[in-house]
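Engineer: The following comprises the amino acid sequence and a computationally predicted model.
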Amino acid sequence: MKAVVVFPLKKDSLHIEDIPEPKPKEDEALIKVIRVGICGTDKEIDEGLYGEPPEGLKRLVIGHESFGVVVALGDKAEGVKVGDKVVATVRRGDNCINCLAGESDMCLTGNYKERGIKGLDGYMSEYYTEKPENLIVIPDELSEEAVLLEPMTIAEKAVKQVFKIQERMLWEPKVAVVFGTGPVGLLTAILLKLRGMKVYAIDRTDHEDDAKGQIISKVGIIHVNSKKESPMGIIEKDKQIDIVVEATGSPEVLPEVFDLAGVNSVIALLSVTGGKFINDMDLARLNYNMVLNNRVIVGVVNANKSYFVNGVSDMARIKSAYGDVLKLFITKRIKIGDLTKDDVKNQKGLKSVIEF
C-alpha cells in the first residue's frame with residue numbers, strides 16, 4: 001500500500017513508499033483511510049527538526065489528522081463496527097498517573113508515543129490498524145469536515161481550560177482576542193463565538209474573498225490586520241478583554257498578547273514559537289501587570305480523547321449555527337498519487353488534505 005514516509009531527523013526525506021498492508025490483531029480494527037490533513041508538524045518533521053520512527057524501523061509514516069472507515073475487525077475488537085466512519089486520537093500514554101487516568105495530553109514523564117510523530121506510524125497510508133478505544137465514531141453528516149477534528153481538539157482544550165481556570169471567581173467574559181487565523185486559531189475563535197462572546201481575530205493579511213474571509217464573515221468574527229492597525233486599538237473599543245489566545249507561532253506577537261490582557265484575564269498560548277526574536281521586553285512590568293491584575297498564562301498542547309468527543313458535538317453545533325462553514329477550511333485536496341514535496345513544504349490556503 002502507498003504511504004507518505006520520512007526518515008526522522010533527516011532533512012527533506014519525505015517520499016511515497018509502498019509498505020506492507022497492516023493486519024489487525026484480535027483486539028484491533030482495520031481502517032481504510034479516506035483523507036488526512038497536512039499540518040505544520042508534518043512540515044517540521046520533514047525538515048528534520050524532530051520525529052522518531054517505530055521501534056526497529058528507520059522510516060516513519062507521518063500524518064495525524066485522520067478520517068477513515070472501519071473495514072475489518074479482529075475477533076475481540078469491540079466498540080466499533082464495520083462501516084463506521086472514524087477519526088483516531090494521536091497520543092498513546094505511558095504508566096504515569098495522568099496517562100492512566102486518560103489524560104495522556106498531561107503526561108508527566110514525556111515517555112508517551114504519538115502516531116505520525118513519535119514512535120508510532122501515522123495515518124498517511126491507505127490503511128492503518130488501531131484499538132477501538134482510540135477511535136471516535138463520526139456521524140455521516142460530519143464526514144466532510146471530520147478531518148478537522150484533531151486541530152479542533154486543541155481549540156476545545158484551550159477553551160475548556162480557560163473556563164476551568166476562571167472557576168476561581170465570578171466571571172462573565174464578553175470579549176476575546178485571538179492572534180492567528182490558521183486552522184487552530186480560527187477554530188478557537190469560532191468556539192468562543194459559540195459561547196456568545198465578541199471575538200477579534202488578528203493576523204497580517206486582508207481577507208476579501210478567500211476562505212478565511214468567508215469564515216470570518218459568516219461567523220461574525222471581527223478581523224484586524226495588524227499591518228494596517230495596531231491590535232492595541234482594541235482596548236479603546238473594549239476596555240476589558242477577558243481572553244487572549246496566541247496561535248501564530250511567531251514570538252514577535254507576544255508583547256502585544258501580554259499587553260492586551262485585561263483585569264482577571266487568561267492568556268492561552270497554543271503555538272510553539274519558532275526561530276529567534278530579540279525584544280527588550282520589560283519583564284518587571286510584565287510581572288507587575290500579571291500580579292496586580294490577577295492574570296493567568298496557560299500553555300496548551302495535544303488533547304486527550306475527551307476533547308475529540310467534545311469536538312464532534314461542537315462541530316454539530318457549529319453546523320447548526322453557521323451552516324457548512326467548516327467545509328470552507330479545506331482549501332486544497334490532493335490525490336495521494338499527485339502529492340509532491342512542495343504540498344507539504346509550502347502549504348497554501350487554509351488546510352490541505354490528501355485524498356486516498
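Structural biologist: Looks like it came in fine. Numbering: from 1, shown residues only.
Engineer: Name the helix or strand for the most far-flung residue of the chain relative to its centre, please.
Structural biologist: Distance from the centre of the chain peaks at residue 75, with 33.5 Å (Cα atoms, centre = their mean). Assigned by DSSP states H and E, residue 75 falls within no helix or strand.
Engineer: Can you tell me the closest non-neighbouring residue to it?
Structural biologist: In space, and not counting its chain neighbours, residue 75 is closest to residue 26: 4.9 Å by Cβ to Cβ, 6 or more residues apart in numbering. In this view, the C-beta of every residue, glycine as well, is placed from N, C-alpha and C.
Engineer: can you confirm that neighbour is in a helix?
Structural biologist: No - assessed with DSSP: H, G, I helix; E, B strand; the rest coil, residue 26 is coil; it does not lie in a helix.
Engineer: could you list every residue that touches it?
Structural biologist: Going by Cβ atoms under 8 Å, 6 or more residues apart in numbering, residue 26 touches 74, 75, 76, 77.
Engineer: how about residue 180, what does it touch?
Structural biologist: 201, 202, 203, 245, 246, 247, 248, 249, 253, 270, 271.
Engineer: can you count the residues close to the first one?
Structural biologist: Residue neighbour count, defined by other Cβ atoms under 10 Å, stands at 27 for residue 201.
Engineer: Would you state the helices of the stretch 251-356 of the chain in chain order?
Structural biologist: For the stretch 251-356 of the chain, the helices defined by DSSP state H, counting those that start in this stretch cover 254-260, 283-292, 305-322, 341-345.
Engineer: For residue 10, find the nearest of the ones you listed.
Structural biologist: helix 341-345 (13.4 Å; Cβ to Cβ).
Engineer: Report the mean confidence score over the closest one.
Structural biologist: For helix 341-345, the mean per-residue pLDDT is 93.
Engineer: for it, packing partners?
Structural biologist: helix 40-46 (3 or more Cβ pairs under 8 Å, 6 or more residues apart in numbering; DSSP states H and E).
Engineer: Including secondary structure and distance to residue 118, could the contacts of residue 180 go into TSV?
Structural biologist: Converted to TSV, the contacts of residue 180 look like this (DSSP: H, G, I helix; E, B strand; the rest coil; distance: Cβ to Cβ, whole Å):
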residue	secondary structure	distance to residue 118
201	strand	31
202	strand	32
203	strand	30
245	strand	26
246	strand	24
247	coil	22
248	coil	24
249	coil	20
253	helix	28
270	coil	20
271	coil	19
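Engineer: ok, so what distance separates the residue nearest to residue 75 from residue 73?
Structural biologist: Separation of residue 26 from residue 73 (Cβ to Cβ, to the nearest Å): 9 Å.
Engineer: and the protein, what are its domains?
Structural biologist: 2-145+329-355, 153-299 (automatic domain parsing).
Engineer: Mean pLDDT lowest where, among those domains?
Structural biologist: For the domains of the chain, where the average pLDDT is lowest is domain 153-299, sitting at a mean of 93.
Engineer: With adjacent residues omitted, what lies nearest to the residue positioned nearest the centre of the chain?
Structural biologist: With distances taken as Cα atoms, centre = their mean, residue 151 lies nearest the centre of the chain, 2.3 Å away. Computed as Cβ to Cβ, 6+ apart, the closest residue to residue 151 that is not its neighbour in sequence is residue 183, at 4.7 Å.
Engineer: List the contacts of that neighbour.
Structural biologist: Contacts of residue 183 by Cβ under 8 Å, 6+ apart are 39, 148, 151, 329, 350, 351.
Engineer: if you set the cut-off to 10 Å instead, what comes out?
Structural biologist: 37, 39-40, 65, 148, 150-152, 154-155, 247, 329-330, 350-351 (Cβ atoms under 10 Å, 6 or more residues apart in numbering).
Engineer: Residue 194 is nearest to which of the helices of the stretch 251-356 of the chain?
Structural biologist: helix 305-322 (6.0 Å).
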